[in-house]
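Trainee: have a look at this prediction, sequence included:
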Amino acid sequence: MIGTEFVPLSLPPLLIGTLAALACALPGNFLVLRRQALIGDAISHVVLPGIVVAFLLTGRVSTWPMMLGAGGAALLAVLMIEVIRRAGKIEPGAAMGVVFTTLFAAGVLLLEQSDTSAVHLDVQHALYGNLESLIWLDALGWNSLLDPVALAGLPTELPRMALVLVGVIGFIWLFWRPLALSTFDEGFARSLGIATGPLGLGLVVIAAMAAVAAFDAVGSIIVIAMFICPPAAARLMTNRLSLQVAWSQGFAGLAAVSGYVLAGYGPLWLGYAHAVSAAGMIATVSGLILALAALFGPCRARLGQPAG
Amino acid sequence: MTQLKLAAQEGAAPVEDLSDIPLAIRGLTVSYGSDPAVFSVDMTVPEGAMLAVIGPNGAGKSTLLKAALGVIPKLSGLVTVYGQPIASQRRRIAYVPQRASVDWDFPTRVIDVVLMGLYRDLGLLGRVRRSHRDQARACLARVGMEGFADRQIGQLSGGQQQRVFLARALAQAADLYLLDEPFAGVDAATEKAIVTVLKALRDEGRTVVCVHHDLATVTDYFSHVFLLNRRKIAAGPVAKVFTQQMLQAAYGGRLSGGQIDRIAAS
Amino acid sequence: MFDLGYNASLVAIGAGLLGLAAGVTGTFLFLRKRALVSDAISHSTLPGVALAFIVMVSFGGDGRSLVGLMAGSALSAAAGLLAVGWLTRRTRLAEDAAIGVVLSVFFGLGIVLLTVIQAMSAGRQAGLEGYLLGSTAGMLRTDALIIAVGGALVLALVALLRRMLIVTAFDPEFAGSIGIDTGRADLAMMGLVLAVTVVGLKIVGLILIVALLILPPVAARFWSDRAGSVALIAGGIGGVSGAVGAMLSVSAPALPTGPIIVLVAFAIFAMSMLFAPRRGVVAALIRHLSFRNRVHLRQGLLALAQGQPVYEALTRRLLRRAGLIRADGVATGAGTAQAAKALLDERRWQWLRASEGTGAAAARYDGLTPIETVLTADQIARIDSQLRPGGLV
Ligand SMILES: Nc1ncnc2c1ncn2[C@@H]1O[C@H](COP(=O)(O)OP(=O)(O)OP(=O)(O)O)[C@@H](O)[C@H]1O
Ligand SMILES: [Mg+2]
């Protein structure tokens, strides 16, 4: 590929997409193992009202207030789900359904009611993001990677996504042992004095941070796909937690890169002039990976059920 | 009876000295909904005892253990472990939950499960060293499972899983062992192996509390019994408490006279 | 009623019928603990809508025929449903993961196809975005008619299948034993969910249609413990939300229909959750507190009677508030009397359960039930005559 075109136009979105996929897939492993996969779905829906509220409060589209707003909305959603589940004695799936549809509806309504025409904040954007527009105009070629002036012009999403990925890795690394323990055997974990409640909440907050950072760049659809598909596929590949997490990271990276490339160049190979949505394509590829794992993964069968 | 710190801090009247008592429960009430699952239970587990908690299904045996350990919240009551609040004594307790509470499909090997027993030694980030592994393998060997270290936990039979959980408890090297139905669904050989391990623990001066269902083996295995059916029915050394009248009180009409006679005679 | 115009009235009626059908259908899903399967179904309509559009355009149509789009959405939703079933049966993945996979992947594929359409129509708005959030703006009369008829049809189907569905939802094993094929009942349930989704797509939008299937039954659950009544109440809530939401949205065209319907339903849910008489949160909280106080008082009285210390501060506070102990912890006259009564009751119960032939009822004594509610005065007197002083404890 020619650097003069690739570096400014494709490298940043490719990197951002990959980092986003990795950051979401990592906590996704534990969400899937805890049968909380759809918390990821719920989080990605409630990010929208959070961002809208932050925008209405500050009047600007700026990063950190929106991150805070979205994180707050995710936390609110999780608390609402817990309250409905416990106080109302409602099954978790239904409680989730109540909360995320309501918050999403509220977000859409707020958005339509407020004057956001001047800024690019709309539902479509929220759903499929805008990966392709994250270009690096200051770059002239591979050399620009070493040029501080050009580097300063990188899309801000890139360093932000990288920072969040580091944060997510840090959290998982630090709490690996209690997370694994409390997911496997919660009663035993409590008997050891592990605060399983706050730990679970922390996991959700970390997932929400990943979702929020990814959301702005790539839209909520990849977020859901990356929370669930790579970890689910990885679960079918191995019976060891650390290997599962490694596989999930590999799958997430693979889906992001090949999805982006397919979206950008696939139509050209087929003779069409227009690229298709990279976010959608990444989600689609992650689904294909999962389908392959479900057909051929060595640990695909449930226990007590012969593979086949 | 002398004074105890715990009561002083609560500002209450003089209370018993519990500092030698591995597990003391006072006035424990737990409710899942509108009526108590266990009501106002007092329990004192003497040091070095091997105690069976007995009662029919739904009597609240698991609830009692879980609430004592703080695994589920209690409505009222106090729990002390060696005279202290439980939070400061976690290191001295090992707990084996009833089988169903575990996610068997979790991607983890047998050896990793046993290593979980070393959680308090390893902490958050401590590396698992060869010595830890050796320790875990030794615990597996004690329950006769050394050949299964690398299996996924779900790929074992029920009895084998039960042994692994006992190995995990052994790895905790605790002073007080709380086991919820360790003999449920295991064959005679496994039951014997488990009993041997538990008796060895007792001989080392540790204290063992088991939720137990098989009335016929109580006198063989245990030194003390605790009869529970929502309330404490009776508690004490087997010879004194394990009587027809008490069993009748615990089980109500569920045991036939003949059954009780046979058990009491054994 | 304010003047809505013919189209708008049709839409409101359609949305009301749809809401009714969705509420009832959703009840079965909810009772089967599979509420979120509907989320997978609704999201997986998107590729079908887009493909149907592409097919219709490539055959020379303008691609916006509602019936065509509905057919496409039904097909791909069915494919999504099959995929969820296949993943849960054939792999070790739990249903929630399977749902998440299907909804995100199908939706992603749908978005890819939408961008293909954008390129095809080269700037011309395909108008498919309306299917994401639902809209009533600029709806054709035939569309309104289709939705009203569709809502009525789904409702008729629900009414037809209700008995089988209720029995299966309530007790699948019993249903099997009386010859109901539960597999087929589940299939019928999913078929209904699919129908609700497809009919509601245009007005509620695919992201929020699940709300119509989930919110009404969850709200209704607070009002009744019987499956049949829950279904009826859920139908009512769904119908009201649908009709009111559609009317509001028509009278203020800037507001998208789906979100309004959802928020109306949520308002009803929130009221139900808080204030329903038996299962409501406020009632439950009051019950819990009074129950806790009863437990503490009883325990405190027993401790007083036996001369044991009262361990907990809360118990002492409650005893004191009830005038049973003085500030220094010594029992008052009333306290002594009540404590004696509590201890006597306790010993009667002990006698009762230690004696043969009283059955399991006595054995399950929970510590709170007054003995007078179980035994007659004569029986109690007989027990009292046998109680040895000192008792068993
Ligand atoms: N999570 C829960 N929610 C509601 N009720 C519960 C819960 N767990 C237990 N119960 C109820 O509390 C009572 C005591 O249950 P528990 O599990 O302690 O009994 P058990 O003595 O251990 O019985 P088993 O011998 O069957 O193990 C039972 O009536 C049970 O139905
Ligand atoms: Mg139990």
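Mentor: Thanks, I have the structure now. Residues are numbered from 1 along each chain as shown, chains lettered A, B, ... in the order given. Ligands and ions are numbered 1, 2, ... in the order given.

Trainee: nearest residue to the residue nearest the centre of chain A other than its sequence neighbours?
Mentor: For chain A, the residue sitting closest to the mean C-alpha position, by CA atoms, centre = their mean, is A:Val223 at 3.1 Å. Leaving aside its sequence neighbours, A:Val223 sits nearest to A:Ser44 (CB to CB, 6 or more residues apart in numbering or on different chains; 4.3 Å). The C-beta positions use only the backbone N, C-alpha and C, and glycine is treated the same way.

Trainee: what do you get for A:Gly71?
Mentor: Spatial nearest neighbour of A:Gly71, chain neighbours left out: A:Ala208 (5.4 Å); criterion: CB to CB, 6+ apart.

Trainee: list the buried residues for the helix or strand harbouring that neighbour?
Mentor: Following DSSP states H and E, one finds A:Ala208 within helix A:196-218. In terms of neighbour count (16 or more other CB atoms under 10 Å in any protein chain shown), helix A:196-218 has its buried residues at A:196, A:199-200, A:202-218.

Trainee: chain center to stretch B:168-180, what's the gap?
Mentor: 8 Å (CA atoms, centre = their mean, to the nearest Å).

Trainee: for that stretch, the averaged confidence score.
Mentor: The average pLDDT within stretch B:168-180 is 94.

Trainee: the helix or strand harbouring C:Thr115 packs against which elements?
Mentor: Per DSSP H and E: C:Thr115 is located in helix C:95-120. Secondary-structure packing of helix C:95-120 (3 or more CB pairs under 8 Å, 6 or more residues apart in numbering or on different chains; DSSP states H and E): helix A:37-58, helix A:220-235, helix A:241-269, helix A:278-296, helix C:37-43, helix C:45-58, helix C:66-90.

Trainee: could you give the angle of the last one to helix A:220-235?
Mentor: The reference is to helix C:66-90. 30 degrees (axes from the mean of the first three to the mean of the last three CA atoms, to 10 degrees).

Trainee: then the fourth one?
Mentor: Between the axes of helix A:278-296 and helix A:220-235, defined by the same axes, to 10 degrees, the angle is 20 degrees.

Trainee: quick one: the helices in the stretch 151-266 of chain B?
Mentor: Under the criterion DSSP state H, counting those that start in this stretch, the stretch 151-266 of chain B carries helices at the ranges B:158-171, B:188-203, B:218-221, B:238-241, B:244-251, B:257-265.

Trainee: quick one, which of the ones you listed is nearest to C:Trp349?
Mentor: C:Trp349 lies closest to helix B:244-251 among these, at 10.1 Å (CB to CB).

Trainee: which one of the residues in the stretch 51-200 of chain B is closest to chain C?
Mentor: Nearest residue of the stretch 51-200 of chain B to chain C: B:Leu78, at 5.0 Å (CB to the nearest CB).

Trainee: next, that residue: secondary structure please.
Mentor: Assigned by DSSP: H, G, I helix; E, B strand; the rest coil, the conformation of B:Leu78 is strand.

Trainee: that one contacts C:Ala313, doesn't it?
Mentor: No. With contact defined as CB atoms under 8 Å, B:Leu78 does not reach C:Ala313; the gap is 11.0 Å.

Trainee: mind showing which ranges of the stretch 1-150 of chain B have poor pLDDT?
Mentor: Across the stretch 1-150 of chain B, the ranges flagged by pLDDT under 70 are B:1-15, B:100.

Trainee: which residues of it lie near ligand 1?
Mentor: Neighbours of ligand 1 within the stretch 1-150 of chain B, by CB under 6 Å from any ligand atom: B:32, B:37, B:55, B:57-63.

Trainee: recalculate using a threshold of 5 Å.
Mentor: Proximity of the stretch 1-150 of chain B to ligand 1 (CB under 5 Å from any ligand atom) is limited to residues B:32, B:37, B:57-63.

Trainee: buried subset of those?
Mentor: Burial by neighbour count, judged by 16+ other CB under 10 Å, picks out B:37, B:59-63 from these.

Trainee: show me the contacts for the residue nearest to A:Gly71.
Mentor: Going by CB atoms under 8 Å, 6 or more residues apart in numbering or on different chains, A:Ala208 touches A:43, A:47, A:70-71, A:74-75.

Trainee: and the angle from the host helix or strand of A:Ala23 to helix A:278-296?
Mentor: Assigned by DSSP H and E, A:Ala23 falls within helix A:11-33. Between helix A:11-33 and helix A:278-296, the angle comes out at 40 degrees (the same axes, to 10 degrees).

Trainee: helices or strands up against helix A:11-33?
Mentor: Secondary-structure packing of helix A:11-33 (3+ CB pairs under 8 Å, 6+ apart): helix A:37-58, helix A:157-184, helix A:196-218, helix A:220-235, helix A:241-269, helix A:278-296.

Trainee: I'd like to know which helix or strand in the chain has the lowest mean pLDDT.
Mentor: Assuming you mean chain A. Across the helices and strands of chain A, mean confidence by mean pLDDT, DSSP states H and E is lowest for helix A:123-128: a mean of 71.

Trainee: actually it's chain C I care about, not the one you picked
Mentor: helix C:359-363 (a mean of 57).
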